[in-house]
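Colleague: 3D, please:
(one chain, ligands or ions: 2)
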Amino acid sequence: MAVYTELQEDALRHFLTSYDLGTLQSYEGIAEGIENSNFRLTTTKGVFILTLFEKRMNPEELPWFLGFMGHLAQEGIACPLPVVGRDGEALRTLAGRPAVIVTFLQGKSLTEYDTSSCEAVGRMMARLHQVGQGYAPMRRNALDVLGWKDLLERCRSGGDPSLEALITEAQSRLAWLEEHWPDEQTLPRGPIHADMFPDNVFFNQSALSGVIDFYFACTDFLAYDLAICLNAWCFDQDMTYRSEWAQSMIKGYEAIRPLSPQERAFLPILCQGAALRFLLTRLYDWVHTPKDALVTRKDPWEYQKRLAFFAEQDYV
Ligand SMILES: Nc1ncnc2c1ncn2[C@@H]1O[C@H](COP(=O)(O)OP(=O)(O)OP(=O)(O)O)[C@@H](O)[C@H]1O
Ligand SMILES: N[C@@H](CCO)C(=O)O
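Modeller: Ligands and ions are numbered 1, 2, ... in the order given. Model prediction:
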């Protein structure tokens, strides 16, 4: 389910008159995704994605995201390019929501992958980091250590013992990370994707064909982005860490942008931070999403296991 806002055909046809995208032939809501309403549009000029941004998105942040995607696309990263209307603007309003049309990317996300897909993700991420350095505007990561603390303070167990245990564990992991997290100056920073999960990376046959969903992108440690991917890609269904996938991802990354000795040294801590970040956003949603909501809640305990794994290692 990810069509929260109904879209009337007349309104869409009128909306499209602001663009040079030809005439609407068909449109359909897209079920995947949980944050925003997405539609696939087919016009006489091709296929496009229309996103209506829902309540969790602060509209003032949108120009940063759209500018970043536009910059990356122009630099050859296979990501959606925001389409501008005849007035040169990409961001408009439709059905009372901020709305944007982006180019459609071919390919599908993988449900099964291997060392070569992980290596391809590493390479693409390193290129994204390199060309991202040319994008000057900054956006603080709202899900940094301070943001984690805030999320955790707003989670209550409601008397559920398994939630109680998870919250207690998260508190002690957070306290440890607050002490050990690197200072801003310690590691190279820049714009990062910050949510490059398998569902956000497309492959055509075995070749990586694109990356989507830049709405958590922000300015942070470049190696933190890699740590997020090591969490998201390098564990089996049964939560076994697949070091050969991780090594392939790091190898792919370093083929383009070698990590500094400092980045290498901090990687295990960054991996713990990344695990805690997804544990906490999932925990927050778990606690705050009504059980009968149409959205499927993601499992926070999967990230408790990843966090426990990384906390026991001093290597990645
Ligand atoms: N540029 C694109 N090209 C092709 N398909 C796209 C594109 N953008 C989005 N999609 C399709 O729409 C689906 C939902 O997109 P997305 O993941 O960005 O949703 P969301 O609700 O904004 O984010 P989240 O995954 O954080 O819930 C994707 O899984 C993909 O199938
Ligand atoms: N990738 C996130 C969801 C929102 O981007 C998660 O799996 O928790």
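Colleague: where does the chain come near ligand 2, residue by residue?
Modeller: By Cβ under 6 Å from any ligand atom, the residues of the chain that approach ligand 2 are 195, 197, 278, 281-282, 298. Heads up, the C-betas are built off the backbone N, CA and C, glycines and all.
Colleague: quick one, helices of the protein?
Modeller: Applying DSSP state H to the chain gives helices spanning 9-16, 62-74, 115-132, 145-153, 161-180, 222-233, 243-256, 261-288, 301-312.
Colleague: I'd assumed residue 159 was in contact with residue 167.
Modeller: No - taking Cβ atoms under 8 Å as the definition, residue 167 is not a contact partner of residue 159, at 11.8 Å.
Colleague: the more surrounded of these two?
Modeller: Between residue 167 and residue 159, counting by other Cβ atoms under 10 Å, residue 167 is the more crowded of the two (18 against 7).
Colleague: what's the closest non-adjacent residue to the residue nearest the centre of the chain?
Modeller: Centroid-nearest residue in the chain: residue 195, 2.2 Å away (criterion: Cα atoms, centre = their mean). Closest residue in space to residue 195, ignoring its immediate chain neighbours: residue 216 at 4.1 Å, by Cβ to Cβ, 6 or more residues apart in numbering.
Colleague: what distance do you get for that neighbour to residue 117?
Modeller: 21 Å (Cβ to Cβ, to the nearest Å).
Colleague: over to residue 222?
Modeller: 21 Å.
Colleague: and for residue 49?
Modeller: From residue 49 to residue 117 the distance is 23 Å (Cβ to Cβ).
Colleague: which of the two has more residues huddled nearby?
Modeller: residue 117 (22 against 18).
Colleague: now do the same contact list for the nearest residue to that one once chain neighbours are set aside.
Modeller: Counting by Cβ to Cβ, 6+ apart, residue 110 is the residue found nearest to residue 117 once chain neighbours are left out, at 6.0 Å. The neighbours of residue 110, taking Cβ atoms under 8 Å, 6 or more residues apart in numbering as the test, are 117, 198, 201, 203.
Colleague: which pair of those residues spans the longest distance?
Modeller: The most widely separated members of these are 198 and 203, with 9.6 Å between them, by Cβ to Cβ.
Colleague: shared neighbours of these two, anything?
Modeller: Common neighbours of residue 198 and residue 203, counting by Cβ under 8 Å, 6+ apart, are 109-110.
Colleague: what sits against residue 239?
Modeller: Residues in contact with residue 239, defined by Cβ under 8 Å, 6+ apart, are 302, 305-306, 309.
Colleague: between the contacts of residue 110, which is nearest residue 286?
Modeller: Closest approach to residue 286 among these (Cβ to Cβ): residue 198, at 20.9 Å.
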